[in-house]
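Chemist: Everything below, folded, please.
(chains A and B)
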Amino acid sequence: MRWSWSAYALLTAPAVLWSTGLFAASIAHSSGWDGLAFATRLLYSPVCHQDAARSFVIAGWPMNVCHRCSGIYLSFTVMLLILPWFRARWLRHSVSVRRLAIFVLPLLLDYALDVLGVWRNSAMSRLLSGVVAGAGLALFVLPAWMEVWTSRRHRGIHHSEEASR
Amino acid sequence: MNEFSVSAKPGKLIPVLIGGTAMVVVSAFPIINLVNLLCCAGIMGAAVLGVWFYRRGFPAGLPFTIGDGTAVGALSGVIGGAMMTVVAVVTGGLLSDDFAVRLQDELDNAFAQAGSQTADPAAIEATEQLFMQIAGNPMLLVLVVLFTLLLLFTAFGTLGGLIGGAIFKTTPPPPGAFPVENHHGV
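Modeler: Okay, the predicted model is just below:
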């Protein structure tokens, strides 16, 4: 896999920003900035049910998203941050869609079995299944993203070489 | 220019419109929109649908790349975000006279639920004034909604397009390989 630091930054910076925002409501509330907390909760409301009973509480206030979403977003971002150091070994080939499905399976089982009454999920099971899904998504997305950007650049170089002939 | 030039690729308009419309359907209809509560899975799924339509129209032998899928997903997000803003304006009554009143009620409830008695009353008042200023200016309100929806739909649409591109990608033939005839002998 070819590597581009600019492509990496383009993917990782928004992910870090988004993950940092997960804590914004709690921190803003505890600092007395209720308006900012309200605004960030609005921003995250389309992507999560934001049930306070199913969210981590920081400084006395619930986070912007639930346990499961926190696990997904935070592990996705952490994986993005650490993957470059292992890219020679791990990222030679991107994770296949089937393997991605395996990473998402615990999350689906945790949800479905709870709905069916077979298994009573907990904050920890929701968090861990989210962490696994987010990590798998990062293993899948980062190489695919690199392929998009490096093949684009490669094609551009190829075209300019042809034009100069 | 080689035989797999960009101009040989089919137009993205129809797949992007399909993807964008699917995003609106998944986000606007009650019950169906619950799927978005799992990290915008509905928006990502709609982007994958757009990518699938785009892949269907690809000529045989032309390699389909992850980049093609990502482009369709991102554009579907832009179209979906813009369409969803129109839907929000129409169904949410963003431009109606009583919207500011409804927003005031919602703000009061939100601040009450958040236990604002612990916060600085002056800060609460300033925040409420800011929100009311936005609610009282319909164009500004629509712009804020448009910006937020474009941000979310484009980001998750791009992610969905990336996944769709990886699912449906085809490997390009090795350099110098003879083109394979299709069933029509062309």
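Chemist: In the chain, mark out all the helices, start to finish.
Modeler: Using chain A. Per DSSP state H, chain A carries helices over the ranges A:5-21, A:24-30, A:34-44, A:67-90, A:97-115, A:123-164.
Chemist: Wait, chain B was what I had in mind.
Modeler: Under DSSP H, chain B gives helices at B:13-28, B:41-56, B:66-92, B:99-113, B:121-136, B:138-168.
Chemist: for the longest one, which positions count as buried?
Modeler: Pointing back at helix B:138-168 there. Judged by neighbour count (16 or more other CB atoms under 10 Å in any protein chain shown), helix B:138-168 contains these buried residues: B:138, B:141-142, B:144-146, B:148-150, B:152-168. Using the backbone N, CA and C atoms, a C-beta is placed for each residue, glycine as well.
Chemist: Comparing the helices of chain B, which comes out most buried?
Modeler: helix B:41-56 (a mean of 25; mean count of other CB atoms under 10 Å in any protein chain shown).
Chemist: pLDDT of that helix, averaged?
Modeler: Mean pLDDT, helix B:41-56: 93.
Chemist: what does stretch B:87-102 give?
Modeler: Here the average pLDDT along stretch B:87-102 is 75.
Chemist: what about it, how long is it end to end?
Modeler: Using CA to CA, to the nearest Å, one end of stretch B:87-102 lies 18 Å from the other.
Chemist: Return the distance of that stretch from the chain's centre.
Modeler: 22 Å (CA atoms, centre = their mean, to the nearest Å).
Chemist: Out of the helices of chain B, flag the one nearest chain A.
Modeler: helix B:121-136 (2.5 Å; CB to the nearest CB).
Chemist: How about the contacts made by B:Thr170?
Modeler: Shown in contact with B:Thr170 (CB atoms under 8 Å, 6 or more residues apart in numbering or on different chains): B:Pro63, B:Phe64.
Chemist: how much space is there between it and B:Met44?
Modeler: Using CB to CB, to the nearest Å, B:Thr170 is found at 21 Å from B:Met44.
Chemist: next one: A:Ala24
Modeler: 23 Å.
Chemist: low-scoring stretches of chain B, by residue?
Modeler: B:1-7, B:93, B:97, B:100, B:104, B:107, B:110-128, B:135-136, B:172-186 (pLDDT under 70).
Chemist: One more pass at 90, please.
Modeler: Along chain B, the model assigns pLDDT under 90 to residues B:1-11, B:26-42, B:57-63, B:65, B:88-145, B:148, B:166-186.
Chemist: Skipping its backbone neighbours, what lies nearest B:Gly73 in space?
Modeler: Closest residue to B:Gly73 apart from its sequence neighbours, by CB to CB, 6 or more residues apart in numbering or on different chains: B:Gly161 at 1.5 Å.
Chemist: Would you confirm that the one you found contacts B:Val72?
Modeler: Yes. The pair B:Gly161 / B:Val72 is scored as a contact, 5.4 Å apart, by CB atoms under 8 Å.
Chemist: which outside residues touch stretch B:140-147?
Modeler: Here stretch B:140-147 makes contact (CB under 8 Å, 6+ apart) with B:Gly81, B:Ala82, B:Thr85, B:Ala88, B:Val89, B:Leu94, B:Leu95, B:Phe99, B:Gln133, B:Ile134, B:Ala135.
Chemist: now those residues in CSV, with distance to A:Gln50?
Modeler: Shown next, in CSV, are the contacts of stretch B:140-147 (distance: CB to CB, whole Å):
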residue, distance to A:Gln50
B:Gly81, 21
B:Ala82, 25
B:Thr85, 22
B:Ala88, 19
B:Val89, 24
B:Leu94, 22
B:Leu95, 27
B:Phe99, 22
B:Gln133, 25
B:Ile134, 21
B:Ala135, 21
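Chemist: just these that are near chain A?
Modeler: Among the contacts of stretch B:140-147, no residue is within reach of chain A (CB under 8 Å from any CB of the partner chain).
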